[in-house]
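>>> Kindly generate the corresponding structure for this input.
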Amino acid sequence: MTIEFNKNDDSMRLLISQMEKRLEKIYLGGGKEKIDKQHKQGKMSARERIDFLLDKNTSRIEMGAFAGYEMYDEHGGCPGAGVVIVIGYVNGKQCIVVANDATVKAGAWFPITGKKNLRAQEIAMENRLPIIYLVDSAGVYLPLQDEIFPDKEHFGRIFRNNAVMSSMGILQIAAVMGSCVAGGAYLPIMSDEAMIVDKTGSIFLAGSYLVKAAIGEEIDNETLGGAVTHCEISGVTDYKCKDDADCLSRIKNIMNKIGDYDKAGFNRQKSLSPKKDEKEIYGIIPDSRDKPYNMYEVIERLIDNSEHEEYKADYGKSIICTYARIDGWAVGIVANQRMIVKAKKTGGSSEMQIGGVIYSDSADKAARFIMNCNQKKIPLVFLQDATGFMVGSRSEQGGIIKDGAKLVNAMANSVVPKFTILVGNSFGAANYAMCGKAYDPRLIVGWPTSKVAVMGGAQAAKVLVQIEVASLKAKGEKINQEKETELYNKIKDKYDIQTTPYYAASRLWMDAIIDPLETRKIISMGIEMANHAPITKPFILGVLQT
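Alright, predicted model coming up:
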């Protein structure tokens, strides 16, 4: 191995270690004292409930662990957005579990909590995946109620989605294991089956204090909305459970009896490990986002037997398009090439192409490849590391916007499932063309080396400084080099913070930050869940010139 390889390896391992330390703190939710308090009440923590429910020694994907990260410090923080969401298996059936974390502000809903819950429901609806709600929440976080209550993607959308999923035949199970108040009280009754834990679970539109204030009635919360009330009198819940373990065991029993589902029919063969060592990815990815590397070396450490069949290998070299298998599943990979490459032109001439930039020929090739994958019913995997589309007069006159539009059109209208891995840079229109969050990837995750922004910090700072200097000159003011440097550094520092994967993950621009060695698992489990949902509409392009 070279010195550069070892340097890269050390850098990646450090980034992963930093990520894991942050996750360890997030996994404690509101802290050990709050977890101990739940135990004294006879309750498991949210993560303990999920661990008890999911099949042992099986794969799982946690969604949005970094949601809310460093976003609500003035409110005491909101680790994990106060809710734990995991895709896993219950009695062999793949499903998604949503568990309120009552150690974080009593499980109250912050704005990011609503966004994270809606993402879970979106995944369930797109993939016809059973969804299990483990409810333990005090409802909307009142100091921020205006940011979570009334809008289209706020709290009320949850119940709209409950109704839509019910009409789609998607199984929903609700277990009330703590508080379930106000508007949230509709969740159990809008699920297919609902259960409640005796003495710790409660459901009511208004608690005892509000009831007294509103109508003068004096009543305790247990009588008002406990397990006896809702299992024996109101009929709101279907099962009364003696404790958390009994409740979760009942869910397992229900999942054990559900029938199979119609499948989309994606091609899968026996899984093979990559021939090339996956761990070598650590040394391949540079310690700086400005350095080139060979994306083929990454691909060959992610795919079965390190074998693939490349489409138009000698054309449009700044994007790699190739067929392969990941954990046995057939996939079409669209990846940005970060090496400087020679591209052949008409007449046999060639020119050097900057790595990580999308050119017209690459965009054209990728659009056609996406069409082919749709025709063959092959899921798409996007490996993003691009600074944007090529700029300049030559590119503009060559129709870069038109060719970029072809790629965006084909990708946006794709009916096969798409999975996006942010390997490095995800800047500007390249984020869109390579299936960023706005283009409905079934899952989108980033490596610790990823960055998401309109452009890099240095480029943005240079542009904004130029604008500021021009503005001051127009007013007759002068700016010296020292002031210009100070302004540049201030803007760059702000952009550098906003381009980190943690900034993106905290706002759910990506579903998770992962160790690169988890990539195969993410894609495999993602295609498995997508296979629950048969493709029912044809692949039709919009306005597109070929």
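>>> Show me which helix runs longest in this structure.
helix 3-27 (DSSP state H).
>>> tell me which strands and helices that one is in contact with?
Judged by 3 or more CB pairs under 8 Å, 6 or more residues apart in numbering; DSSP states H and E, helix 3-27 is in contact with helix 281-284. Any C-beta I mention is one placed from the backbone N, CA and C, and that applies to glycine too.
>>> The helix it packs on: what's the following helix or strand?
Downstream of helix 281-284, the next assigned helix or strand under DSSP states H and E is helix 295-299.
>>> For that following helix, the averaged confidence score.
The average pLDDT within helix 295-299 is 98.
>>> related to what we said a few turns ago, and the next element down the chain from the longest helix of the chain?
In N-to-C order, the element after helix 3-27 by DSSP H and E is helix 32-40.
>>> Helices of the stretch 201-350 of the chain, residue ranges please.
Along the stretch 201-350 of the chain, the stretches classed as helices by DSSP state H, counting those that start in this stretch are 208-215, 221-225, 227-228, 244-255, 281-284, 295-299.
>>> Would you mark the buried spots in the first one?
Taking 16 or more other CB atoms under 10 Å as the neighbour-count basis, helix 208-215 is seen to contain the buried residues 208, 211.
>>> Just the C-alpha atoms of it, please, in CSV.
Taking Å, rounded to 0.1, in the frame of the first residue of the first chain, the C-alpha atoms of helix 208-215 are listed here in CSV:
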residue,chain,number,x,y,z
SER,A,208,-57.4,15.4,33.4
TYR,A,209,-56.1,18.9,34.0
LEU,A,210,-57.5,20.2,30.7
VAL,A,211,-60.8,18.3,31.3
LYS,A,212,-61.2,20.1,34.6
ALA,A,213,-60.4,23.4,33.1
ALA,A,214,-62.7,22.9,30.1
ILE,A,215,-65.8,21.3,31.7
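>>> Could you list every helix and strand in contact with it?
helix 221-225.
>>> Next: the fifth one.
For helix 281-284, the helices and strands in contact under the criterion 3+ CB pairs under 8 Å, 6+ apart are helix 3-27, helix 295-299.
>>> List of residues touching it?
By CB atoms under 8 Å, 6 or more residues apart in numbering, the residues outside helix 281-284 that reach it are 1, 5-6, 8-9, 12-13, 293-294, 297-298, 301-302, 516-517.
>>> Helix or strand: which one has Ile467?
helix 457-474.
>>> what do you get for Ala367?
Ala367 belongs to helix 360-376, assigned by DSSP H and E.
>>> which element follows that helix toward the C-terminus?
Helix 360-376 is succeeded, C-terminally, by strand 380-386 (DSSP H and E).
>>> got the contact list for the next helix or strand after that following strand?
Note on strand 380-386: by DSSP H and E, the next helix or strand toward the C-terminus is strand 388-389. Residues outside strand 388-389 that contact it (CB under 8 Å, 6+ apart) are 357-359, 363, 395, 400, 404, 427-430, 433, 455.
>>> thinking again about what came up before, tell me how far whichever helix or strand comes after the helix holding Ile467 lies from the chain's centre.
Downstream of helix 457-474, the next assigned helix or strand under DSSP H and E is helix 481-498. Remark: helix 481-498 is offset 30 Å from the chain centroid, using CA atoms, centre = their mean, to the nearest Å.
>>> the inter-axis angle of the helix holding Ile467 versus helix 481-498?
On the basis of axes from the mean of the first three to the mean of the last three CA atoms, to 10 degrees, helix 457-474 is oriented at 140 degrees to helix 481-498.
>>> mind listing what's buried in helix 457-474?
Under 16+ other CB under 10 Å, the buried positions of helix 457-474 are 457, 459-461, 464-465, 468-469.
>>> hmm, which two among those are most spread apart?
Gly457 and Val469 (18.2 Å; CB to CB).
>>> contacting residues around Ile513?
19, 66, 445-448, 450, 501-502, 505.
>>> no no, Glu468
So Glu468 contacts 479, 487 (CB under 8 Å, 6+ apart).
>>> quick one: it and Ile96, what's the gap?
47 Å (CB to CB, to the nearest Å).
>>> can you put the contacts of strand 388-389 in CSV and add pLDDT, neighbour count and distance to Arg289?
Output for the contacts of strand 388-389, formatted as CSV (pLDDT from 0 to 100; neighbours: other CB atoms under 10 Å; distance: CB to CB, whole Å):
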residue, pLDDT, neighbour count, distance to Arg289
Val357, 89, 21, 13
Ile358, 92, 28, 16
Tyr359, 91, 24, 20
Ala363, 94, 27, 22
Ser395, 66, 18, 22
Ile400, 80, 20, 23
Gly404, 86, 25, 22
Phe427, 92, 23, 10
Gly428, 87, 19, 14
Ala429, 87, 19, 18
Ala430, 91, 22, 13
Ala433, 94, 32, 19
Met455, 73, 17, 12
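>>> gap between the two ends of stretch 499-514?
17 Å (CA to CA, to the nearest Å).
>>> How far does that stretch sit from its chain's centre?
8 Å.
>>> Now the residue nearest the centre of the chain: closest residue in space that isn't a chain neighbour?
Centroid-nearest residue in the chain: Asp511, 1.6 Å away (criterion: CA atoms, centre = their mean). Distance criterion CB to CB, 6 or more residues apart in numbering; nearest residue to Asp511, sequence neighbours excluded, is Met63 at 5.0 Å.
>>> Also Gly169?
Arg128 (7.7 Å).
>>> OK, contacts around the one you found?
168-170, 261, 532-533 are the contacts of Arg128 under CB under 8 Å, 6+ apart.
>>> now do Gly356
Counted by CB under 8 Å, 6+ apart, Gly356 has contacts 292, 318, 336-338, 385-387, 424-425.
>>> tell me the least confident of these?
Ranked by pLDDT, those bottom out at Thr387 (88).
>>> what about that residue, how many neighbours?
24 (other CB atoms under 10 Å).
>>> coming back round to it: which pair of the contacts of helix 281-284 spans the longest distance?
Asn6 and Leu302 (21.5 Å).
>>> Just want to know which of the two has more residues nearby.
The neighbour count for Asn6 versus Leu302, taken as other CB under 10 Å, is higher for Leu302 (26 against 12).
>>> Angles on the backbone of that one, please.
phi -110, psi -20 (degrees, to the nearest 10).
>>> circling back: ok, so of the contacts of Gly356, who is nearest Leu272?
When those are compared against Leu272 (criterion: CB to CB), the nearest one is Gln337, at 24.6 Å.
>>> And the residue nearest to that closest one when sequence neighbours are not counted, how far from Asp511?
Leaving aside its sequence neighbours, Gln337 sits nearest to Met295 (CB to CB, 6+ apart; 4.9 Å). The gap separating Met295 from Asp511 is 22 Å, by CB to CB.
>>> Tyr133 too?
Distance from Tyr133 to Asp511, by CB to CB: 19 Å.
>>> Does Lys25 touch Pro79 like I think?
Yes: counting by CB atoms under 8 Å, Lys25 does reach Pro79; the two are 7.3 Å apart.
>>> who's more crowded, the two?
Per other CB under 10 Å, whichever of Lys25 and Pro79 has more neighbours is Pro79, with 22 against 11.
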